[in-house]
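Engineer: Sequence first, predicted coordinates after that:
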Amino acid sequence: MPVRIRLQRHGKKGKPFYWIVAADARSKRDGKFLEKLGTYNPNTNPATIDLNVDGSVKWLQNGAQPSETASRILSYKGVLLKHHLLGGVRKGAFSEEEAEKKFAAWLSDKEKSVAKKEEHLSKEQQKAKEEALKAEKEVNEKRAQAVAEAEAAEAKAAEEAAAPAVEEAPAEAAAETAEAEVAPAVEEAPAEEAATAEETVAEKPAEEAPAADDTKTASEKE
């Protein structure tokens, strides 16, 4: 019976969750399986993988073939490496202890790499959170500034609407004062003109009198 290590879909729509199973290659993808080897959750960053390494190696040694996705997961967790090392032990290339040491060293390096990646992702997430908070703060400040400017504009418009009523009274008073100052000047003008006319009339006879005397004298002379 051909056995295949593959993923079996679970979870809900939009958030899939997978079981890693060893199943008959002829069975349906989400049908019956021979053994559940682990779980794979792609909804986290990095993805969460819980896998039975020794059980997976055992199935590989028995001839099970992993699917493409399952093969990447097995490689990520070191299953394929351990299977290769145990093959070297069977061939006498090195002892089982040396194989375990090599696998332990690989696991240590892998854990450090994963921890470094998680730290980097954590810093990026923190930075993204800070940038989001900063952007939100700027939006709130702009909104508050816009509200303040609108209130100031309304207050200024109200003051401008009330200003003409207050300024009309001084304008009327100034007009009355101007009229009062112009009236006496108008009234005094006829009196001054009359006095000037009287002086002119009084002076004219005095100037014409000698002319009459001169005429009489000429007659008498004749």
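Structural biologist: Structure received.

Engineer: State the pLDDT value of Glu192.
Structural biologist: If you check Glu192, the pLDDT there is 52.

Engineer: tell me the SS of the nearest residue to Leu34 once chain neighbours are set aside?
Structural biologist: Leaving out its chain neighbours, the residue that sits closest to Leu34 by CB to CB, 6 or more residues apart in numbering is Ala22, at 4.8 Å. For glycine as for every other residue, the C-beta is placed from the backbone atoms N, C-alpha and C. Per DSSP: H, G, I helix; E, B strand; the rest coil, the local secondary structure of Ala22 is strand.

Engineer: and the gap between the residue nearest the centre of the chain and Gln126?
Structural biologist: Centroid-nearest residue in the chain: Ala135, 4.8 Å away (criterion: CA atoms, centre = their mean). Using CB to CB, to the nearest Å, we find Ala135 at a distance of 15 Å from Gln126.

Engineer: so what are the domain limits for this structure?
Structural biologist: Annotated domains of the chain cover 3-93, 115-165 [automatic domain parsing].

Engineer: Pick the most buried one from those domains.
Structural biologist: Counting by mean count of other CB atoms under 10 Å, domain 3-93 has the highest mean neighbour count of the domains of the chain, with a mean of 16.

Engineer: measure stretch 62-81 end to end?
Structural biologist: The separation between the terminal residues of stretch 62-81, taken as CA to CA, to the nearest Å, is 16 Å.

Engineer: make that stretch 40-58, sorry
Structural biologist: For stretch 40-58, the first-to-last residue distance is 19 Å (CA to CA).

Engineer: ok, and what's touching that stretch?
Structural biologist: By CB atoms under 8 Å, 6 or more residues apart in numbering, the residues outside stretch 40-58 that reach it are 5, 7, 15-20, 35, 37-39, 73-74, 76-79, 82-83, 86, 114, 117-118, 121.

Engineer: how does it look with 6 Å?
Structural biologist: Lys15, Phe17, Tyr18, Ile20, Leu37, Gly38, Thr39, Leu74, Lys77, Val79, Lys82, His83 (CB atoms under 6 Å, 6 or more residues apart in numbering).

Engineer: got a list of what Lys15 touches?
Structural biologist: Asn43.

Engineer: And the pLDDT at it?
Structural biologist: For Lys15, pLDDT reads 90.

Engineer: Same question for the one 4 residues further on.
Structural biologist: Taken from the predicted model, the pLDDT recorded for Trp19 is 94.

Engineer: Next, the contact list for it, please.
Structural biologist: Gln8, Lys36, Thr39.

Engineer: Go again with 7 Å.
Structural biologist: Each residue near Trp19 by CB atoms under 7 Å, 6 or more residues apart in numbering is listed here: Gln8, His10, Lys36, Thr39.

Engineer: Would you mind listing the two of these that lie farthest apart?
Structural biologist: Spatial extent of the contacts of Trp19 (CB to CB) is set by the pair His10 and Lys36 at 10.9 Å.
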